[in-house]
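Student: Sequence and computational prediction follow.
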Amino acid sequence: MSPRQTSVPRPLRRSEYQITFGTSNAQQGGTDVLATQGNAVVAAWERLTVDPLADDTTCHGMKGDLEFITRAGKTHRRRQYELSNGARIWFYGDERSVVLTDVHTHHPNSTK
């Protein structure tokens, strides 16, 4: 991109969720998984902006010790979106935001 060109973030409908990185590790993992699974990440983005809290085979709540996460004194139910090749996006919903806490390029050992 030339200095005059700036990337334009995708605008959101009022009913959609905004996706944010909650940690620097999630941001790095997001960069890594985008480089290897671009189309799958776009599909995940579309799903997570529209209906991140609905359960299906691709997107669902975590269980056991990973079920909850506490941020800024508030406890949230952690969820995961499953990409191909075992990659995972871990997140929680907070009002109209989806906060990415971990992005794994392969199946994380803690959920095997």
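Tutor: Yep, that arrived. This is a predicted model, so every value here is computed, not measured. Numbers count the residues shown, from 1 in each chain.
Student: What segments of this protein are helices?
Tutor: 24-36, 38-50 (DSSP state H).
Student: In stretch 25-36, which residues are buried?
Tutor: Of the residues in stretch 25-36, 26, 29, 30, 33 count as buried by neighbour count, 16 or more other Cβ atoms under 10 Å. Every residue, glycine included, has its C-beta placed from N, CA and C.
Student: In space, what's closest to residue 52 - neighbours in sequence excluded?
Tutor: What sits nearest to residue 52 in space, not counting adjacent residues and going by Cβ to Cβ, 6 or more residues apart in numbering, is residue 98, at 4.8 Å.
Student: what's the neighbour count on the one you found?
Tutor: The local packing of residue 98 (other Cβ atoms under 10 Å) involves 23 other residues.
Student: which ones are touching it?
Tutor: 17, 18, 19, 20, 48, 49, 52, 91, 92 (Cβ atoms under 8 Å, 6 or more residues apart in numbering).
Student: 10 Å instead, please
Tutor: Residue 98 is in contact with 16-20, 22, 45, 47-49, 52-53, 79, 81, 89, 91-92, counting by Cβ atoms under 10 Å, 6 or more residues apart in numbering.
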